[in-house]
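1. Build me a model from this:
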Amino acid sequence: MPGFLPSERHDKHAELENLVADVFREGGWNIVEQPGSAKEAPDLVADHGGRQYIIEIKRSSEGRGDRVIPLVAQAILQVRNRVHHAPGHPIGVAIVVGNYMPESVAEQVKEFAREHAPDIAVGVLDFQGFRSFEGHGLERLNSGRRVGHDLISSRGPASPQLFSDLHQWMLKVLLAPRIADSYLAAPRGRYRGASELAHAAGVSVMSAFRFIEQLSKAGFIEQQGDGLRLVRKRELMDRWLAANQRSVPEIAVRSILDRGKKALGDALGSYVSTENQSRNKSRKSAKGTATGPRPRVCLGLFAAADALGFGFVRGVQPYLYLERAEPDALERLGLSAHGAGEAADVYIRIPRNRESVFRGAVLSDGVPVSDVFQVWLDVAEHPSRGREQAELIWRKILSPAVIDKDER
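-> Numbers count the residues shown, from 1 in each chain. The predicted structure is shown next:
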């Protein structure tokens, strides 16, 4: 699977080490040791002004405080132990790297270190150039975010234009003929140009033209006699996956109705059924103005994998995609954001790529469910065995269907 082959896992951490090493080199530090696979060795050892710095690096799949702080704590414990056993009183540095790290999370990390580990320097970095360090003079390495530019990615640069919301939806449309309709709701056909693709996908001709232009510039599409054809699909899938590893706003909610195993599915089925009945009817408010449709909704991540028949991860609270966090929609789903805290029954996700998420969703026993591509993209970096779930989806479904034999 792109980015998840066993032989690549060590390479991924080596890339993190290279990223951090480059940051320190740019600041005037000398990297004196890069142990690589040595089990008991630190990730990096640097030297500056006659002082030695022992560096421990962790990777965070999400830029959330509740994900990052435990990793910082782990890195602090490990580097503190290494410093204790090293000669010459070196300085310990604990670093967490993520695809996107909000400044607010960096401040949480610094506050945690001030309170619990003032002897250890800490740093938060992301792949968009953001660097936030504190302690032992490392503040000089701080840098703002380079918008739209990934510092590293073995999967190749992921153009933000290529993987915009509607572009991801059109990519699903182009790939749909290879995927069973039970896994993806999308038109299936061959398209000779932007006009035909736009008509099938329900987008403007200009949007389809821009998408094809971006694919062509990146070398991922060819015009053949029977229509447009995707090429180099393995690399394209790699880049698609890389472009989607960003944090998504989440809301912890509690169930205010039955908390049984089927309760959420029943609520979703009822919600969608009622919406379908009224979708084409004019709805008026008390003042006589037309009201918009209810927010779209579908199961996501592991719950969606279960519904599609290839889930195996247990014990994770269900995720639900909701187009907008409207109280009325939550109430109709039997959910409430009040008093959830850490005892959440469900996590609500507000998608950035809402058209791609909701247009591709399928109905499974009357319940709206994220499509197979969306589940693969979403679970890939989840800490609860998400990588294993993504590997299974890739191996069992996507690779055999999407990737030509000569690319496997």
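2. Please count neighbours and contacts with C-alpha atoms only from this point.
-> Will do.
3. State the distance from the residue most central in space within the chain to A304.
-> Geometric centre of the chain, nearest residue: Q245, 3.0 Å, by C-alpha atoms, centre = their mean. Q245 sits 18 Å away from A304, going by C-alpha to C-alpha, to the nearest Å.
4. who touches the closest residue to E381 other than its chain neighbours in this structure?
-> Leaving aside its chain neighbours, E381 sits nearest to S61 (5.1 Å; criterion: C-alpha to C-alpha, 6 or more residues apart in numbering). By C-alpha atoms under 8 Å, 6 or more residues apart in numbering, the residues touching S61 are 67, 98-99, 245, 381-383.
5. Also S60?
-> Here S60 is in contact with 67-68, 71, 96-99 (criterion: C-alpha under 8 Å, 6+ apart).
6. Among those residues, name the ones in strands.
-> Counting by DSSP state E, the part of the contacts of S60 found in strands is 96-98.
7. so how many other residues sit close to the residue lying closest to G144 once chain neighbours are set aside?
-> Nearest in space to G144, with sequence neighbours left out and distances taken as C-alpha to C-alpha, 6+ apart, is F130 at 4.9 Å. Residue neighbour count, defined by other C-alpha atoms under 10 Å, stands at 23 for F130.
8. Looks like F130 contacts M101 (just checking).
-> Yes: taking contacts as C-alpha atoms under 8 Å, F130 lies within contact range of M101: 7.5 Å.
9. Relative to Y53, how far out is F24?
-> F24 is 10 Å from Y53, by C-alpha to C-alpha.
10. Let me fix that, I meant to ask about R324.
-> Taken as C-alpha to C-alpha, the span from R324 to Y53 is 47 Å.
11. what does V23 give?
-> With C-alpha to C-alpha as the criterion, V23 and Y53 are 14 Å apart.
12. next one: G28
-> Relative to Y53, G28 is positioned 13 Å away (C-alpha to C-alpha).
13. Who has more neighbours out of those two?
-> Set G28 next to Y53 and count neighbours by other C-alpha under 10 Å: Y53 wins out with 24 against 13.
14. Would you map the strands across the stretch 301-408 of the chain?
-> Listed in chain order, the strands of the stretch 301-408 of the chain (DSSP state E, counting those that start in this stretch) span 319-322, 335-336, 346-349, 362-364, 367-369.
15. Dump the C-alpha coordinates for stretch 178-195 into CSV.
-> What follows is stretch 178-195, C-alpha atoms only, in CSV (Å, rounded to 0.1, in the frame of the first residue of the first chain):
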residue,chain,number,x,y,z
ARG,A,178,-13.2,0.1,-11.1
ILE,A,179,-15.1,0.1,-7.7
ALA,A,180,-18.3,-1.7,-6.8
ASP,A,181,-21.3,0.6,-6.4
SER,A,182,-21.8,-0.8,-2.9
TYR,A,183,-18.5,0.9,-2.0
LEU,A,184,-18.9,4.2,-3.8
ALA,A,185,-21.8,6.3,-4.9
ALA,A,186,-20.7,7.9,-8.2
PRO,A,187,-21.5,7.8,-11.9
ARG,A,188,-19.7,5.3,-14.0
GLY,A,189,-18.6,5.9,-17.5
ARG,A,190,-15.9,7.1,-19.9
TYR,A,191,-15.4,10.8,-20.5
ARG,A,192,-13.8,12.4,-23.5
GLY,A,193,-13.3,15.8,-22.0
ALA,A,194,-14.2,18.4,-19.4
SER,A,195,-17.8,18.9,-20.5
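16. Return the set of buried residues in that stretch.
-> Neighbour-count burial for stretch 178-195, counted by 16 or more other C-alpha atoms under 10 Å, picks out 179, 183-188, 190-191, 194-195.
17. Equivalent analysis for stretch 381-393, please.
-> Buried residues in stretch 381-393 (16+ other C-alpha under 10 Å): 381-382, 385-393.
18. want to throw these into JSON lines with pLDDT and distance to E134?
-> What follows is those, written out as JSON lines (pLDDT from 0 to 100; distance: C-alpha to C-alpha, whole Å):
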{"residue": "E381", "pLDDT": "80", "distance to E134": "27"}
{"residue": "H382", "pLDDT": "83", "distance to E134": "28"}
{"residue": "R385", "pLDDT": "83", "distance to E134": "32"}
{"residue": "G386", "pLDDT": "82", "distance to E134": "32"}
{"residue": "R387", "pLDDT": "87", "distance to E134": "32"}
{"residue": "E388", "pLDDT": "90", "distance to E134": "35"}
{"residue": "Q389", "pLDDT": "90", "distance to E134": "36"}
{"residue": "A390", "pLDDT": "90", "distance to E134": "35"}
{"residue": "E391", "pLDDT": "91", "distance to E134": "37"}
{"residue": "L392", "pLDDT": "91", "distance to E134": "40"}
{"residue": "I393", "pLDDT": "92", "distance to E134": "41"}
